[in-house]
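Asker: just the structure for this:
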Amino acid sequence: YDVSINSSPINLSFEAPNQVSSNQIMTLNVKAILNANKVVDDVLLKVDYPVGFEYLDAQPAPSLGDNIWSLDDLAPGSERNIGEEKTFRVWSGTQSLNDKSSIGVVFNSLSNLVTINKASIEAKLYVGGAYERQYSSGSKETINAEIRWVNNLDTQINDMEIRAKLFGNALDRKKITAERGFYNSSLDTIVWDRNSERGFDSVGPGESGSLIFSFLPSTTSATGLSLIDPSISIEVSISGKQSGDGFALNDLSNKEIKVVKISTDVGFATKALYATSAFVNTGPVPPKAEKETTYTIVWSLSNSSNNISKASVRSFLPPWVRFTGKISPGSEDVTYDAGTKQIVWNVGNLPKGSGVSRAQKEVSFQVAFTPSLSQVGTSPVIINDAVLTGQDDFAKVNVVINKSSLSTRLISDANFPVSGSEVVE
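Answerer: Residues are numbered from 1 along each chain as shown. This is a model prediction of the structure:
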């Protein structure tokens, strides 16, 4: 049979700038219009991003990943808009029966070329020596930043000025320092110009340099409460004047914005107890050779500003210690592998504010120690080093905290006798 196809069921259009400067935010608008007489179900729209392109945001948000939108039940004549040398390609069609993230039958496709120009003047922000769009830092770490600037023109630039504006809920305005530049606290802006930076009055073709500044974040508000999702944004801008034809001057400018997310403060405490614990411990104190004494191990967790996921605590028992199986509270997920002698506390999610605005997370378990005659006169280890691991959901960094082993010297037990740690016969 001969089949005649007059037009695509879906018309696509693409609005985008013809050219942009490198490392600049650009907005694309994709429009899909149903060109049919009835509703089409399970329609997907997919955007292929070129290499080097980083997705930031879209309205509406993608249905899958960062480049697939569901155009559910697109009615005749209705349209949907998606707002986001490189080529972008847009595909539209019905959803695959086997894979909901792919297009089974393609109705239409469209490509658009965007030329990426090198900026005439550039000021790139490096944090901790790295050049990224987003960074993470510890709450007690000084953040070192560097602005690397360059004149990419083959002509001179006059009256060059560079500004770094800092803002965000984690910014400590009293802890900002800059080499040579002036920090204007009323504007939260560091300024380098011809008055503070020698040579900025006239910058030659291809000339480059760098500027240094640093700042210290804060994770508590003025009232002393922990901040939620603490971050600091830095907007770096560069401007100057280029001599044009005749005596005319062309104004030049460029800018970029970076974000530093501050990781949460996680507290991890360990202690061994005998008298003051969740369990009734038994056996001689000080421990006696070839006689069993039980002890309680306590692990406690706190967390300030960001939620932690996939948290767990792991440790191993030495050969002379056994796990009794007693756990408090019983609802906590604690497992023990008798073969490897590994103890794992599967914490899971550790909410922000734990140990600050809400109860800390804590678990106790009991171990039993039977000393050998070879251990007489020593204070043996009853549990080895413990390590806490997890994921900071806001800063997108791994959390790792190590704690040293615990011995029969119970420094955290107020009622423990001074002479109760060393093994006796």
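Asker: going forward, measure contacts between C-alpha atoms and count neighbours the same way
Answerer: Fine.
Asker: need the contact partners of stretch 123-130.
Answerer: With contact meaning Cα atoms under 8 Å, 6 or more residues apart in numbering, stretch 123-130 is reached by 131-132, 135, 143-150, 162, 236-238, 254-256, 258.
Asker: let me fix that: stretch 384-397
Answerer: 136, 229, 261-264, 268, 306-318, 398-406.
Asker: for PyMOL, write the select line for the buried members of those residues.
Answerer: Here is the PyMOL command that selects only those of the contacts of stretch 384-397 that count as buried (16 or more other Cα atoms under 10 Å):
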select buried, resi 136+229+261+262+263+264+268+306+307+308+309+310+311+312+313+314+315+316+317+318+399+405+406
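Asker: hmm, back to that, which of the contacts of stretch 123-130 fall in helices?
Answerer: In helices, judged by DSSP state H, none of the contacts of stretch 123-130 are found.
Asker: which among the residues you listed count as buried?
Answerer: Neighbour counting with 16+ other Cα under 10 Å marks 135, 143, 145-147, 149-150, 162, 236-238, 254-256, 258 as buried within the contacts of stretch 123-130.
Asker: out of those, which one has the lowest pLDDT?
Answerer: Checking pLDDT across those, the minimum falls on residue 254 at 84.
Asker: quick check, that one in contact with residue 118.
Answerer: No. Taking Cα atoms under 8 Å as the definition, residue 254 is not a contact partner of residue 118, at 10.9 Å.
Asker: so which strand or helix has residue 268?
Answerer: strand 266-273 (DSSP states H and E).
Asker: next one: that strand to chain centre, how far?
Answerer: 26 Å (Cα atoms, centre = their mean, to the nearest Å).
Asker: can you point out the buried residues in the following helix or strand past that strand?
Answerer: The helix or strand immediately downstream of strand 266-273 is strand 293-303, counting by DSSP H and E. For strand 293-303, burial by neighbour count (16+ other Cα under 10 Å) applies to 293-299, 301-303.
Asker: of those residues, which is the nearest to residue 44?
Answerer: Ranked by distance to residue 44 (Cα to Cα), the buried residues of strand 293-303 are led by residue 303 at 41.2 Å.
Asker: which ones among the contacts of stretch 384-397 lie within helices?
Answerer: Filtering those for helices - DSSP H - leaves nothing at all.
Asker: take the contacts of stretch 384-397 and keep only those in strands.
Answerer: Among the contacts of stretch 384-397, DSSP state E puts 136, 261-262, 268, 308-316, 398-403, 406 in strands.
Asker: wait, a helix at residue 187?
Answerer: No. Assigned with DSSP: H, G, I helix; E, B strand; the rest coil, residue 187 falls outside any helix and is coil.
Asker: per-residue pLDDT, it?
Answerer: Note for residue 187: predicted pLDDT of 94.
Asker: distance of it from residue 269?
Answerer: 42 Å (Cα to Cα, to the nearest Å).
Asker: those two: which has the busier surroundings?
Answerer: Comparing residue 187 with residue 269 by neighbour count (other Cα atoms under 10 Å), the higher total belongs to residue 269, at 14 against 10.
Asker: what residues are bridge-paired with that one?
Answerer: residue 300 (DSSP bridges).
Asker: separation between it and residue 361?
Answerer: Taking Cα to Cα, one finds residue 269 at 11 Å from residue 361.
Asker: overlap of the contact sets of the two?
Answerer: What both residue 269 and residue 361 touch, as defined by Cα under 8 Å, 6+ apart, is the set 300-301.
Asker: which non-adjacent residue is nearest residue 375?
Answerer: With sequence-adjacent residues excluded and distances taken as Cα to Cα, 6 or more residues apart in numbering, residue 375 is closest to residue 423, at 6.4 Å.
Asker: next one: residue 13
Answerer: Leaving out its chain neighbours, the residue that sits closest to residue 13 by Cα to Cα, 6+ apart is residue 31, at 5.1 Å.
Asker: strands paired with the helix or strand containing that neighbour, and their directions?
Answerer: Secondary structure from DSSP H and E places residue 31 in strand 29-34. Using DSSP bridges, strand 29-34 pairs in its sheet with strand 10-15 (antiparallel), strand 79-83 (antiparallel).
Asker: buried set for the helix or strand just after it?
Answerer: Following strand 29-34 in sequence order, the next helix or strand is strand 43-48 (DSSP H and E). Across strand 43-48, burial judged by 16+ other Cα under 10 Å covers 43-47.
Asker: which strands and helices sit next to whichever helix or strand comes after strand 43-48?
Answerer: Using DSSP H and E, the helix or strand that directly follows strand 43-48 along the chain is strand 68-70. Judged by 3 or more Cα pairs under 8 Å, 6 or more residues apart in numbering; DSSP states H and E, the packing partners of strand 68-70 are strand 43-48.
Asker: can I get the CA coordinates of the strand it packs on in CSV?
Answerer: What follows is strand 43-48, C-alpha atoms only, in CSV (Å, rounded to 0.1, in the frame of the first residue of the first chain):
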residue,chain,number,x,y,z
VAL,A,43,4.1,11.9,24.4
LEU,A,44,7.8,12.6,25.4
LEU,A,45,10.1,15.4,24.5
LYS,A,46,13.8,14.9,24.7
VAL,A,47,16.6,17.4,24.5
ASP,A,48,20.2,16.3,23.7
